[in-house]
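Asks: next one to model:
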Amino acid sequence: MNLFSDIRGAVVQALSAMTQDGQLPEGLDMTAVSVEPPRDPAHGDMATNAAMVLAKPAKLQPRAIAEALAARLSADPRIALAEVAGPGFLNLRLSPSVWQGVIRAALTEGADFGRSTLGQGQKVNVEFVSANPTGPMHVGHTRGAVFGDALAALLDFAGYAVTREYYINDGGAQVDVLARSAYERYREANGLDPEIREGLYPGDYLIPVGEALKEKYGDTLLNQPESVWLNDVRDFATERMMAMIREDLALLNVRMDVYSSEKALYGTGKIEGAIETLRGMGMIYEGVLEPPKGKTPEDWEPREQTLFRSTAHGDDVDRPVKKSDGSWTYFAPDIAYHHDKVLRGFDMLIDVLGADHGGYVKRMKAAVAALSNGKVPLDIKLIQLVKLFKNGEPFKMSKRAGTFVTLRDVVEQAGADVTRFVMLTRKNDMALDFDFDKVLEQSKDNPVFYVQYAHARVRSVLRKAVEMGIAVGDADLASADLSGLTHPAELELARKIAEWPRLVEIAARNNEPHRVAFYLYELASDLHGLWNRGNEDTSLRFLQEDNPATSQSKIALARAAGVVISAGLGILGVTPAEEMR
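Replies: Purely as a prediction, here's the structure:
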C-alpha cells in the first residue's frame with residue numbers, strides 16, 4: 001500500500017472527470033502532478049500541485065482549477081477536507097479511517113510493507129569498495145562499503161534486480177609494490193632483517209604473508225633476482241590480501257555477488273576490444289591535447305596521443321587512453337571494465353568511489369554513454385572522508401595497518417550495527433565525524449540507539465501484552481477494531497508510517513540510502529513522543545488495564561511502527577534490537 005500514490009490516483013481520476021465534463025481541455029499531461037506532505041503539517045495531511053502545473057497548458061487560472069478539483073475530491077470518502085490555499089495549491093485532510101487502514105496494511109503486508117515495483121526488475125550493477133588489494137580496509141572503505149551495501153538493499157526493496165560487485169585493482173604498479181613488501185616479510189620469516197624502504201607497505205599485516213611464503217617456498221626465493229620471484233609473490237600476496245578484505249567485509253555483513261579482476265582484462269583482448277568499439281564510433285583519434293591549466297607554453301611539450309573524444313559526451317577535455325610509450329593509461333582498463341558491464345546486460349550502473357576520484361566522474365560517464373549509445377545510465381556516488389574521535393581526540397592510527405585506522409579497528413570498537421547506522425547519518429557527499437563516545441552513548445542524540453530503543457519498546461509492549469493474555473499476532477492485530485485511534489498523537493504516528501512506501505521510492509530514485517536512516521529517526525521520535533505522552537495521559541498508553549480490546553488497537557499501532565523500523569533497519573543492514581541492556 002502506497003497511500004500517497006493512491007491519493008494521487010484519486011487526483012488524476014478527478015482531473016480526468018473534469019476533462020470529460022469540459023472543465024479542462026483534452027490532452028493535458030498529468031506527469032508532473034504530485035501529492036506530497038505539505039511543508040507545514042498544520043495545512044493538512046497532503047497537498048497537490050495539480051492546479052499549479054496544469055494552469056498554463058490549460059490556459060486557466062490555477063485557483064479556478066483548484067476549486068473545481070476540491071469539489072470533486074470532497075466526494076471521496078477518504079478525504080475529509082479539500083481546501084484551496086494561496087494561488088492554487090490544494091491541501092487535503094484525510095479521514096481517520098484512512099490512517100487506520102495504513103496500520104492494517106503494515107500489519108498485513110509485514111516485511112513487504114513499503115516494498116515497491118518501481119524498478120520493474122531492471123538489472124542494476126552496484127560496484128563499491130573496490131579497494132586496492134594491498135592491505136586491510138581502512139575507515140574510508142568502511143563508509144563506502146556500508147553505503148554501497150545499503151544502496152543495493154534499498155534498490156532491491158524498490159524492485160530492481162541488483163548485483164553487488166567488487167573490482168579488484170590487481171593490474172597496476174601497486175601490486176608490484178605489495179609483492180616487494182611481502183618479499184621483505186618473507187626474508188624476515190627466514191631470519192633476515194627486512195628492508196622496509198620508503199615506498200613499501202610497512203604494516204604488520206604482511207608478517208603472516210611472509211611466514212606463509214616461507215612455508216610454501218622455504219628459502220628457495222632468497223638471494224634470487226626480482227624477475228624470478230615477483231610474479232609468484234605478487235599473485236600469492238594479492239590472494240592473501242583479498243582473503244583479508246573478504247574477512248573485513250564479513251565483519252560488516254557485506255557480501256559481494258561478483259569479484260571482477262582488472263588483471264583479467266590484460267592479455268585477453270578486452271581492453272583492445274573496448275577501444276576498437278569506440279574507434280568504430282569515431283570516438284578514438286590521434287591528437288595533441290591543450291596544455292594543462294596553470295602551465296605556460298614553455299613548460300608544455302605537445303605530443304601526439306591516442307585520445308577518447310569524451311567531450312562529445314559532456315567531459316571538459318578529451319582523455320588519453322594510451323601513453324606515448326604505447327602502454328595503456330589507467331583510464332583504458334576502466335573503459336574495458338565498464339564495457340564488460342554493458343555487455344553483461346545491465347540497465348543501470350552505479351559506481352561508489354572515494355571523494356578523491358571526483359575528476360574521474362565526467363570521463364567515465366562519457367565512456368559509458370558512448371559504449372551503450374546512451375542507453376545505460378551511470379551514476380557515480382562519491383564518498384567523503386570520515387574523521388574518527390575518541391575521548392575528545394582524533395583516533396590514533398593502527399600499528400597493524402601502518403598508516404591508517406582499519407575497518408576492523410572501527411568495528412571492534414563500535415560494533416557492526418552501530419558502525420553501519422552511523423555511517424549513513426550523513427549524505428554520502430558530506431564529511432562525517434565518527435565519535436566513538438557519542439555513538440555508544442544511550443541518548444536521543446545517538447540516532448542508532450534512539451531507533452533501536454523504539455523497536456525494543458515495541459517488542460517490550462508485545463511481551464507484556466502476551467502476559468496479559470492479549471492476542472498480538474499480526475493477523476489478530478490487523479483484525480482489531482482500530483476506530484478508537486483518533487488522538488492527534490496517534491494519527492501523527494500513523495501518518496509517519498504511511499510515508500514509508502513513498503520514502504522508499506524517493507530514496508531509490510536518487511540512490512540515497514541515508515534518507516532511510518533519517519526517516520527511521522523521525523519515526524522513532526514520533527513513537528517515543530506518543531509513549532511519553534502516555535505518562536501524562538493514561539488513555540494514550542499502549543496497554544490499558546482491564547480493556548483488552550482498546551489495548552489491542554493501540555498495540556496494533558505500535559506494532560505497525562515496529563514493522564517499518566525493522567524493514568528500514570534491514571535495508572541499512574542493522575539488526576533490530578529485541579531489548580535494550
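
Asks: now do the contacts for the nearest residue to residue 503 once chain neighbours are set aside.
Replies: With sequence-adjacent residues excluded and distances taken as C-beta to C-beta, 6 or more residues apart in numbering, residue 503 is closest to residue 519, at 5.0 Å. Yep, even glycine has a C-beta here, placed from its N, CA and C like the rest. Neighbouring residues of residue 519 by C-beta atoms under 8 Å, 6 or more residues apart in numbering: 499, 500, 503, 568.

Asks: now, among those, which is nearest to residue 209?
Replies: Closest approach between those and residue 209, by C-beta to C-beta: residue 568, at 40.5 Å.

Asks: what residue is smack in the middle of this protein?
Replies: Nearest to the mean C-alpha position of the chain, by C-alpha atoms, centre = their mean, lies residue 151 at 2.7 Å.

Asks: tell me the secondary structure at it.
Replies: helix (DSSP: H, G, I helix; E, B strand; the rest coil).

Asks: not counting its neighbours along the chain, what's nearest it?
Replies: residue 513 (4.9 Å).

Asks: then residue 460?
Replies: Nearest one to residue 460, counting by C-beta to C-beta, 6+ apart, is residue 579 at 6.7 Å.

Asks: burial measure for the one you found, as a count.
Replies: Residues lying near residue 579 (other C-beta atoms under 10 Å) number 12.

Asks: the helix or strand bottoming out on mean pLDDT in the chain pairs with which strands, parallel or anti?
Replies: Every helix and strand of the chain was ranked by mean pLDDT, DSSP states H and E. The lowest is strand 393-394, at a mean of 89. Strand 393-394 sits in its sheet next to strand 386-390 (antiparallel), going by DSSP bridges.

Asks: for the partner strand, buried residues please.
Replies: Across strand 386-390, burial judged by 16 or more other C-beta atoms under 10 Å covers 386, 388.

Asks: any stretches of this structure with poor pLDDT?
Replies: Applying pLDDT under 70 to the chain picks out residues 294-301, 397-402, 581.

Asks: how is it divided into domains?
Replies: Following automatic domain parsing, one finds the domains of the chain at 3-94, 173-251, 443-572.

Asks: dump these to TSV, plus distance to residue 409.
Replies: Output for the domains of the chain, formatted as TSV (distance: least, C-beta to C-beta, whole Å):
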stretch	distance to residue 409
domain 3-94	41
domain 173-251	10
domain 443-572	19
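
Asks: give me whichever of the ones you listed is most buried.
Replies: domain 443-572 (a mean of 19; mean count of other C-beta atoms under 10 Å).

Asks: check the separation of the first and last residues in it.
Replies: End-to-end distance for domain 443-572, by C-alpha to C-alpha, to the nearest Å: 20 Å.

Asks: now it, how far from the centre of its chain.
Replies: Relative to the centre of its chain, domain 443-572 is centred 24 Å away, using C-alpha atoms, centre = their mean, to the nearest Å.

Asks: from residue 420, how far out is the closest residue to residue 577 other than its chain neighbours?
Replies: Nearest residue to residue 577, sequence neighbours excluded (C-beta to C-beta, 6+ apart): residue 452, at 4.0 Å. As judged by C-beta to C-beta, to the nearest Å, residue 452 and residue 420 stand 12 Å apart.

Asks: any shared contact partners between these two?
Replies: Common contacts of residue 452 and residue 420 (C-beta under 8 Å, 6+ apart): residue 574.

Asks: list the buried residues in stretch 305-325.
Replies: By 16+ other C-beta under 10 Å, the buried positions in stretch 305-325 come out as 305-310, 313, 315, 318-322.

Asks: between the residues you listed, which sits nearest residue 157?
Replies: Closest to residue 157, out of all of the buried residues of stretch 305-325 and judged by C-beta to C-beta, is residue 313, at 31.7 Å.

Asks: how about the residue nearest to that closest one when sequence neighbours are not counted, what does it touch?
Replies: The shortest distance from residue 313 to any non-neighbouring residue, by C-beta to C-beta, 6+ apart, is to residue 366 (3.6 Å). By C-beta under 8 Å, 6+ apart, the contact set of residue 366 is 308, 310, 311, 312, 313, 314, 315.

Asks: repeat the analysis, applying 7 Å as the threshold.
Replies: 310, 313, 314, 315 (C-beta atoms under 7 Å, 6 or more residues apart in numbering).

Asks: that older thread, nearest to residue 58, out of the contacts of residue 519: which one, please.
Replies: residue 499 (30.3 Å).

Asks: looks like residue 500 contacts residue 564 (just checking).
Replies: Yes. Between residue 500 and residue 564 a contact is recorded at 4.9 Å, counting by C-beta atoms under 7 Å.

Asks: thinking again about what came up before, just the contacts of residue 366 now: which is nearest residue 355?
Replies: Set against residue 355, the nearest of those by C-beta to C-beta is residue 315 (19.1 Å).

Asks: pretty sure the closest one belongs to a strand, no?
Replies: No. Residue 315: not assigned to a strand; according to three-state DSSP it is coil.

Asks: that one contacts residue 361, correct?
Replies: No. Under the criterion of C-beta under 7 Å, residue 315 is not in contact with residue 361, lying 9.3 Å apart.

Asks: tell me how far residue 493 lies from residue 106.
Replies: To residue 106, residue 493 is 11 Å away according to C-beta to C-beta.

Asks: no, scratch that, I was asking about residue 374
Replies: Taken as C-beta to C-beta, the span from residue 374 to residue 106 is 41 Å.

Asks: ok, now residue 496?
Replies: 11 Å.

Asks: and for residue 136?
Replies: According to C-beta to C-beta, residue 136 and residue 106 sit 42 Å apart.

Asks: what does residue 137 give?
Replies: 37 Å.

Asks: neighbour-wise, which of these two wins?
Replies: residue 106 (30 against 24).

Asks: wait, what's in contact with the more buried one?
Replies: 113, 497, 560, 563, 564.

Asks: would you agree the fourth one falls within a strand?
Replies: Right, the one you point to is residue 563. No. Looking at residue 563 with three-state DSSP, it is helix, so not inside a strand.

Asks: with adjacent residues omitted, what lies nearest to it?
Replies: Distances taken as C-beta to C-beta, 6+ apart put residue 106 closest to residue 563, at 4.9 Å, once the chain neighbours are dropped.

Asks: show the backbone phi and psi for the one you found.
Replies: For residue 106, the backbone dihedrals (degrees, to the nearest 10) come out as phi -60, psi -40.

Asks: sorry, back to before: quick check: the residue nearest to residue 460 touching residue 455?
Replies: No. Contact between residue 579 and residue 455 fails when scored by C-beta under 7 Å: they sit 9.6 Å apart.

Asks: go through the contacts of residue 519 and name the one nearest residue 215.
Replies: Closest to residue 215, out of all of the contacts of residue 519 and judged by C-beta to C-beta, is residue 568, at 47.3 Å.

Asks: residue 367 versus that closest one, what's the distance?
Replies: Residue 568 sits 36 Å away from residue 367, taking C-beta to C-beta as the criterion.

Asks: check residue 91 too.
Replies: For residue 91 relative to residue 367 (C-beta to C-beta), the value is 47 Å.
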